[in-house]
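1. build me a model:
(chains A and B)
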Protein chains: 2
Amino acid sequence: MPAIGGVKLATAAAGIRYKGRTDVLLAVMDKGTAVAGVFTRSKCPSAPVEWCRSKLGRGGSSKAGFARALVVNSGNANAFTGKTGRAATTLTADIAAKALGCSPGEVFLASTGVIGEPLDASKFDGVLGAMAEKVAPGDWMNAARAIMTTDTFPKVATATVRLGKARVTINGMAKGAGMIAPDMATMLAFVFTDAPIAHAALQSLLKSAVEDTFNAVTIDGDTSTSDTLLAFATGAAAASGAPKINRASDPRLKAFTKAFRALLADLAEQVARDGEGARKLVEIIVDGAVSKASARRIAMSVANSPLVKTAIAGEDANWGRVVMAVGKAGEPANRDKLAISFNGIRVASRGARDPSYDEAAVSAAMKHPKIQIKIALGLGKGRDRVLTCDLTKEYVAINGDYRS
Amino acid sequence: MPAIGGVKLATAAAGIRYKGRTDVLLAVMDKGTAVAGVFTRSKCPSAPVEWCRSKLGRGGSSKAGFARALVVNSGNANAFTGKTGRAATTLTADIAAKALGCSPGEVFLASTGVIGEPLDASKFDGVLGAMAEKVAPGDWMNAARAIMTTDTFPKVATATVRLGKARVTINGMAKGAGMIAPDMATMLAFVFTDAPIAHAALQSLLKSAVEDTFNAVTIDGDTSTSDTLLAFATGAAAASGAPKINRASDPRLKAFTKAFRALLADLAEQVARDGEGARKLVEIIVDGAVSKASARRIAMSVANSPLVKTAIAGEDANWGRVVMAVGKAGEPANRDKLAISFNGIRVASRGARDPSYDEAAVSAAMKHPKIQIKIALGLGKGRDRVLTCDLTKEYVAINGDYRS
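-> Numbering: from 1, shown residues only, chains lettered A, B, ... in the order given. Just a heads-up that it's a prediction; the model follows:
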């Protein structure tokens, strides 16, 4: 992972929950860094989500839309922690602001881990000062490791792309694993770029890019109270000639937009691949629906069906369960026009088992680590794609024992 | 289980899928038996569901609303079997009608088991004739056993109640286990009574009773293509003075309605208790919602959350996940007014952990085989109740290996 001009990182072990590993990430950005964010649609969001939302321009402050720091901790989500939780966010931002010499409103926060346990923010007091002194252009892999919970590998992605006559860089990291569902597919993800993109343009870019990337991923249909995706644009590349972008529709942003979207898609796929207990990445493609929105709802119904997901874990091409999940979505579907294929092998067509159905070929295909289920509805031009994973006994083990 | 006047039963092993067990049930009813039904709302219903719907008065036939026979098979759902499936229902009804000397339109059908495999209805030819000769007032437990798939125990219930000056009897049986979700909570269930209730009244009674019984049960959020609940009223009790009931609102039906509802609730609870792999029955009670419909959606969101269900399997009072599931329901909820209790022990109130929270007491409570989660929203008077079960490794094992 290359460095990003205007971004410095540090990690530390504050002992919030885990022992013998890092659990705090501090990212420090240069003055003038624009920030954008999208968050969980949960009606019971975490305190850090409320904090970030309030700092993102709704407060009407002249500094709204600018960021100087990001503090992320793992092990405790600071969600459903009442007044204590709000106090913890304020205290954390104050500690970071003091260490960095900025205003608390320029400090963005994200927490992930157990819900409902008070977060002892005083633990940051012991580490943020030292972290502020040792921040460096940095080790992105270690940063990605510090924000993991039940993730089995750190998730990072990078891209370099032309903006005007300059080259700009985008780095991203994410953590996910469980409690992943759309409307901000659960997780924390942070994207940094040295491109000089103003807050409003960055927000618009982010909002549009998330729809077919993070919001098209589901692990278990459960939406976290903490889902947070923040993007930071330091503008450092202006020094090497990158033009200042004020609108997302600026034609000069085209290549950047494409790369930004691909980077989010890459991170989202890593999240699906690392679903708790997952052994297979599952791609659901629906076409021929009456609309894209209808295709999305059908794809999500299939992706969230425990019976479909357990069949895939058992390497069973049980397309009957796919029919069931299409049927329960409540969207227009005509059984007698439906066709279904697994990894390119058509198993069902026109309301019944395909005449060419070959159990041995399908069974062999189901052994692949990536399973693509394609559902052709034959009704219209609506098409969509969703990623998920299989549902294994390990998912149950991980989530049955997580808190204790 | 007592006999029901006007109902005779027989079971047989037709070898549809299982070996060494019965897999066909034939119930024969006296002339004049009224029938009512509610079915899956799947957009891809099975052939038997379409058959029953078409016989239930939509065809405009003078015989609509009357039944002489019910044929149920397990092992094959005859769903997504195209024209072959429709031909199989016609053939089965023809075979049964010939054996019984009635019209095929008076024969009701239900199939449960694997989806997408053609059902060889000619197998019924070998057994239905002999079954028609040996039908008897019958062994209800064996009838309930013949319709089982992954169920671990047969599900029956009975009630006796006054109707006018006579006593009438209601018997019910159900099969369930997986693919259970509302909008006809998956399963097959059949209820028989000797009360003289006309078709329209029976239909109205059934539709209203299902809402808070079978439709308030979910195992995995997956809606079957085959959900069928049929009620038969033979009217045999008219001979002992029971009045003929033509309207569900008839005041003389009050005690019967109550008993009928309780019987459906009993069967529905047995289905939840026997959820695939389940070790715990889970009751979700939501009150203080803005409406009953809102309370239902929140209760279903909690009941269908894999993270809540795995926590219960792990005997972990992880109320944070309950907050998550309330939040993702999208219904009005104010985090700072929310209170949650497990088996009567309040764990959360006013947006944070309850001050009286006692980990040891809650952990002990979680060891019970029945877990009640009560969620008080503090917003209005909407209240609802949903039953589900925990999500265990056995659920994954059962469904990962089911077809092979």
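2. which stretches in the stretch 201-350 of chain A count as helices?
-> A:254-273, A:292-303, A:306-313, A:319-328 (DSSP state H, counting those that start in this stretch).
3. let me fix that: the stretch 1-150 of chain A
-> Under DSSP H, counting those that start in this stretch, the stretch 1-150 of chain A gives helices at A:47-53, A:82-100, A:122-134, A:140-146.
4. got the angle between the third one and helix A:82-100?
-> When you say that, I think you mean helix A:122-134. 20 degrees (axes from the mean of the first three to the mean of the last three C-alpha atoms, to 10 degrees).
5. buried residues of helix A:122-134, list them for me.
-> Judged by neighbour count (16 or more other C-beta atoms under 10 Å in any protein chain shown), helix A:122-134 contains these buried residues: A:123-125, A:127-128, A:131-132. C-beta: built from backbone N, CA, C; applies to glycine.
6. same check on stretch A:155-169?
-> So for stretch A:155-169, counting by 16+ other C-beta under 10 Å, buried means A:155-159, A:161, A:163-164, A:166, A:168-169.
7. just put those residues in JSON lines and tack on distance to chain B and secondary structure.
-> Formatted as JSON lines, those follow (distance: C-beta to the nearest C-beta, whole Å; DSSP: H, G, I helix; E, B strand; the rest coil):
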{"residue": "A:155", "distance to chain B": "21", "secondary structure": "strand"}
{"residue": "A:156", "distance to chain B": "26", "secondary structure": "strand"}
{"residue": "A:157", "distance to chain B": "27", "secondary structure": "strand"}
{"residue": "A:158", "distance to chain B": "32", "secondary structure": "strand"}
{"residue": "A:159", "distance to chain B": "32", "secondary structure": "strand"}
{"residue": "A:161", "distance to chain B": "35", "secondary structure": "strand"}
{"residue": "A:163", "distance to chain B": "38", "secondary structure": "strand"}
{"residue": "A:164", "distance to chain B": "42", "secondary structure": "coil"}
{"residue": "A:166", "distance to chain B": "42", "secondary structure": "strand"}
{"residue": "A:168", "distance to chain B": "36", "secondary structure": "strand"}
{"residue": "A:169", "distance to chain B": "35", "secondary structure": "strand"}
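8. pick out the most distant pair among those.
-> A:155 and A:164 (29.9 Å; C-beta to C-beta).
9. buried residues, stretch A:4-19. List them.
-> A:4-12, A:14-17.
10. how about a markdown table for those residues, with distance to chain B and pLDDT added?
-> Output for these, formatted as a markdown table (distance: C-beta to the nearest C-beta, whole Å; pLDDT from 0 to 100):
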| residue | distance to chain B | pLDDT |
| --- | --- | --- |
| A:4 | 33 | 96 |
| A:5 | 38 | 95 |
| A:6 | 35 | 95 |
| A:7 | 32 | 96 |
| A:8 | 33 | 97 |
| A:9 | 29 | 97 |
| A:10 | 29 | 96 |
| A:11 | 25 | 96 |
| A:12 | 25 | 95 |
| A:14 | 21 | 91 |
| A:15 | 20 | 89 |
| A:16 | 15 | 86 |
| A:17 | 13 | 82 |
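11. among those, which are in strands?
-> With DSSP state E as the criterion, strands contain A:7-12 from among the buried residues of stretch A:4-19.
12. what's the closest of the residues you listed to residue A:308?
-> residue A:11 (38.5 Å).
13. separation between that closest one and residue A:22?
-> As judged by C-beta to C-beta, to the nearest Å, residue A:11 and residue A:22 stand 4 Å apart.
14. swap in residue A:225?
-> Counting by C-beta to C-beta, the gap from residue A:225 to residue A:22 is 23 Å.
15. quick one: which two of the buried residues of stretch A:4-19 are the most distant?
-> So, the buried residues of stretch A:4-19 by C-beta to C-beta: farthest apart are A:5 and A:17, at 33.8 Å.
16. per-residue pLDDT of the nearest residue to residue A:31 once chain neighbours are set aside, please?
-> Setting aside the residues directly before and after it, residue A:31 is nearest to residue A:68 in space (C-beta to C-beta, 6 or more residues apart in numbering or on different chains), at 7.0 Å. At residue A:68 the predicted local distance difference test score is 96.
17. surely residue A:68 is in contact with residue A:106?
-> Yes - between residue A:68 and residue A:106 there is a contact at 4.0 Å, judged by C-beta atoms under 8 Å.
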